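Asks: can you look at this prediction? I've put the sequence above it.
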Amino acid sequence: MNSHNGTRRPAGRSKESAAFTALSIVGGVLAAVCVVSGVAMLLLKAAGQEVAPLLSQIPLLLLPVAFVLLIVALLIAVRRRRLG
């Protein structure tokens, strides 16, 4: 693949870019789902409603996974930046 200045990129570069994009999107979506379920849980509790156990477990289980995915994406971005 050619970049804007006419030099060729290494073959692994596109895989790294695809991995960065995938990890960023999945991590962001998981984090958003966790925030929405957490806010819904708080609103239900404030309204005096019973909260389903699954709704309270979603942020506990998926938020750490989202953070790990976003940290890995950050490390990939730093590695890409340092290598060229």
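Replies: Right, received. Where do you want to start?
Asks: can you check which helix is longest in the chain?
Replies: helix 12-46 (DSSP state H).
Asks: what is the neighbour count of I58?
Replies: 19 (other CB atoms under 10 Å). Any C-beta I mention is one placed from the backbone N, CA and C, and that applies to glycine too.
Asks: so what's it closest to, chain neighbours aside?
Replies: Nearest residue to I58, sequence neighbours excluded (CB to CB, 6 or more residues apart in numbering): S37, at 4.3 Å.
Asks: tell me the contacts of the one you found?
Replies: L55, I58, P59 (CB atoms under 8 Å, 6 or more residues apart in numbering).
Asks: isn't the last one up against V36?
Replies: No. P59 is beyond contact range of V36, at 9.4 Å (criterion: CB atoms under 8 Å).
Asks: more neighbours, those two?
Replies: Neighbours were counted for P59 and for V36 using other CB under 10 Å; P59 has more, 19 against 12.
Asks: quick check on the more buried one: phi, psi?
Replies: Main-chain torsions, P59, degrees, to the nearest 10: phi -70, psi -30.
Asks: distance of it relative to M41?
Replies: For P59, the distance to M41 (CB to CB, to the nearest Å) stands at 8 Å.
Asks: would you check that G28 makes contact with V35?
Replies: No. Contact criterion CB under 8 Å: G28 and V35 do not qualify, at 10.6 Å.
Asks: show the backbone phi and psi for A47.
Replies: Main-chain dihedrals, A47, degrees, to the nearest 10: phi -80, psi 0.
Asks: ah, wrong one, I meant E50
Replies: Dihedral angles (degrees, to the nearest 10) for E50: phi -80, psi 130.
Asks: spit out the contact partners of it.
Replies: L44.
Asks: distance check, it against C34.
Replies: 21 Å.
Asks: residue contacts, the residue nearest to the spatial centre of the chain?
Replies: Nearest to the mean C-alpha position of the chain, by CA atoms, centre = their mean, lies G27 at 1.3 Å. G27 makes contacts with A66, F67, V68, L69, L70, A73, as judged by CB under 8 Å, 6+ apart.
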